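Sequence and computational prediction follow.
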Amino acid sequence: MVPNDPAILLSFLNTRLRDDGCTLEELCAQLDVEQSGVEDKLAAIGYTYHRERNQFL
């Protein structure tokens, strides 16, 4: 299950991106969530996905 709270979601995703070694696209597919929805939710608290770092900053 994917956390609904944006701050917890941020930590959850960055941890999974780091530990699993997958891209955001791959992780969203594994979790069965829409990537655009995830990015929008985190953008609302000031974070964007950086492909080169493979994390939200």
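Looks like it came in fine.

Skip the chain neighbours and tell me the closest residue to the residue nearest the centre of the chain.
Against the mean C-alpha coordinate of the chain, by Cα atoms, centre = their mean, the closest residue is residue 13 at 4.0 Å. Leaving out its chain neighbours, the residue that sits closest to residue 13 by Cβ to Cβ, 6 or more residues apart in numbering is residue 56, at 6.3 Å. The C-beta positions use only the backbone N, C-alpha and C, and glycine is treated the same way.

quick revisit: what strand or helix carries the residue nearest to the centre of the chain?
Using DSSP states H and E, residue 13 falls within helix 6-20.

What are the buried residues along that helix?
Using 16 or more other Cβ atoms under 10 Å as the test for burial, helix 6-20 gives 9, 10, 13, 14, 16, 17.

Need the mean per-residue confidence for whatever helix or strand comes next after that helix.
Sequence-wise, the next helix or strand downstream of helix 6-20 (DSSP H and E) is helix 24-31. The average pLDDT within helix 24-31 is 98.

who's in contact with the residue nearest to the centre of the chain?
Residue 13 sits next to 24, 27, 38, 42, 56 when contact means Cβ atoms under 8 Å, 6 or more residues apart in numbering.

same thing but at 10 Å, please
Applying Cβ atoms under 10 Å, 6 or more residues apart in numbering, one finds that residue 13 lies in contact with 2-3, 24, 27-28, 31, 33, 38, 42, 47, 49, 55-56.
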